[in-house]
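>>> Okay, here's the prediction I keep looking at, along with the sequence it came from:
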Amino acid sequence: MIKRAFAAFVMTVFLLSIVAVSAQTEDSKNTDGKSRLGAAREKNKERLAKIESLDKAQQERLAKVNEKNVEKIAELKKERLDRLAKLSERKLERVSELEKAKLEKVADLSDAEIEKAASLGRERLKMLAEKDQPKLRAELAKLKVVKVKNAEEIRLRKVLAEKKEAAKKEFEKAREEYKSSKEELKASRDKFKQLKESGNEAEMITEAKKTLLNSIDRIISHLQQTKSQIEQNEQIEESRASVIIQDIDAKIKEFEALKPEIEAATAKERVREIAKKIKGRWANAYEKARAYSERVVAAKVEGVVNRAQVLEKKLDSALSKLKEKGVEVDTAEEMSQFSALVEDARSKVEQAKEKLEAARKSTDKEQAKALVDEAKSLIEQAKDALKNAHEKLKEIVKKAGEAGGEIEIEDEAEVEVSADASVAATASA
């Protein structure tokens, strides 16, 4: 139920939210806005003109930065200014929002590193800029800038369409088998209770064997459902997915191996022994099974985070166009909060993934349980952060509407996002 509810949230939050939101545009407001924008840029040029090291082209580019950030830029050394002036207007605007010390740190990077840093979301850029220079460079080295039209292009692996379809069919089959085995298990348990009262031992053994076989079928169909979800999910690395699938196949094989033992049993003592064996094996496998299931949930939430990260860049573009039209709307605070919430969600998902991997490797049941519980809590926190990000998104849209503007998101427009090397490889494929 939780998964379905969150899938609906995905649809309403970051799919429907990128549809253009209509608002009345008032020509008079736009004209006034353009005049004020022009005046602000002229004022910025006057400030920047006092810096002898800047040529006219650099002054023109830097003058487009928000007026409140020009002072910080104007105080930078020539070498730093030269590097920042090479950024596009939107990237320059994003970087200039940093505190002066962080801005100087970023400006001391190489041109390529500055470009990469400027491709990050606001909050992640801010957090990386808190690190010392060697750590900042090391973190940037792990990332690669890729151009994408939508979040679906940011994936950890590519799963062929036919393989996805086959996995979906396997999932539906396993789900039906799970429901069926659950009903059969209940029926055989009820019948066993009735036979126990009658004292017919032979029939009791027969029904007890049916109960055990149904229990195993239910366990296997549960594991098969998770396996099918992992097989079709592109937000789980190929190497990681392969290891998890191997783990699940091994567990399925263990339980399948118990079926011949059950069928061969003729004495109630032997049936009891096998029942204990099944219980013991499931107790050992249960937390691992939870870890596999939560890894699927984490991957789905990560997909929503990707949508939000792409949306932040597309919103920057849309708001920049409003500014050029003369629509004055100050959403700097809301965009910063939106970015912080999305980064919080991203960080929580990463932490959850680490804990789930540790749970998968753990040989201690209690430790594995604690790790899965912690991961589940982190995933829920990530969901909450994304819901709050959606509220910020609505505030941004509302502000634009009140200012007489219309936010238009271009679905086919490419934006730059930073991702790790494995993501970049598939995004560019």
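Nice, I can see it. Residues are numbered from 1 along each chain as shown.
>>> So for the helix or strand harbouring A202, what gets flagged as buried?
Assigned by DSSP states H and E, A202 falls within helix 201-232. The neighbour-count check on helix 201-232 (16 or more other Cβ atoms under 10 Å) flags 204-232 as buried. Bear in mind the C-beta positions are built from the backbone N, C-alpha and C, glycine included.
>>> what packs against the very next helix or strand once past it?
Moving toward the C-terminus from helix 201-232, the next helix or strand (DSSP H and E) is helix 238-256. If you count contacts as 3 or more Cβ pairs under 8 Å, 6 or more residues apart in numbering; DSSP states H and E, helix 238-256 packs onto helix 201-232, helix 268-324, helix 332-361.
>>> in the chain, which helix or strand is least confident?
Sorted by mean pLDDT, DSSP states H and E, the helices and strands of the chain end with helix 2-10, the least confident at a mean of 37.
>>> where's the residue nearest the centre of the chain relative to K168, distance?
Note on the chain: the residue nearest the mean C-alpha position is E302, at 1.6 Å, using Cα atoms, centre = their mean. For E302, the distance to K168 equals 20 Å [Cβ to Cβ, to the nearest Å].
>>> Check R346 too.
27 Å.
>>> Pick out whichever of these two has more residues nearby.
Using other Cβ atoms under 10 Å, the more surrounded residue of R346 and K168 is R346, with 22 against 14.
>>> pretty sure the residue nearest to the centre of the chain is touching V349, no?
Yes - with contact defined as Cβ atoms under 8 Å, E302 counts as touching V349 (5.0 Å).
>>> Am I right that K147 is in a helix?
No - looking at K147 with DSSP: H, G, I helix; E, B strand; the rest coil, it is strand, so not inside a helix.
>>> Quick one, grab the pLDDT at it.
K147 carries a pLDDT value of 89.
>>> partner residues bridging it?
E416 (DSSP bridges).
>>> can I assume it is in contact with V415?
Yes - counting by Cβ under 8 Å, K147 does reach V415; the two are 7.0 Å apart.
>>> Can you pick out the residue with more neighbours from these two?
Applying other Cβ under 10 Å to K147 and V415 shows that V415 carries more neighbours, namely 21 against 13.
>>> so what's the more buried one up against?
For V415, the contact set (Cβ atoms under 8 Å, 6 or more residues apart in numbering) comprises 147-149, 310, 313-314, 317.
>>> Just name the closest of the residues you listed to K323, please.
S317 (10.7 Å; Cβ to Cβ).
>>> contacting residues for that closest one?
90, 410, 413, 415.
>>> Could you list the low-confidence segments of this structure?
In the predicted model of the chain, residues 1-68, 197-199, 421-429 satisfy pLDDT under 70.
>>> Give me the domain ranges for it.
Following the assignment in automatic domain parsing, the chain carries domains at 32-141, 156-429.
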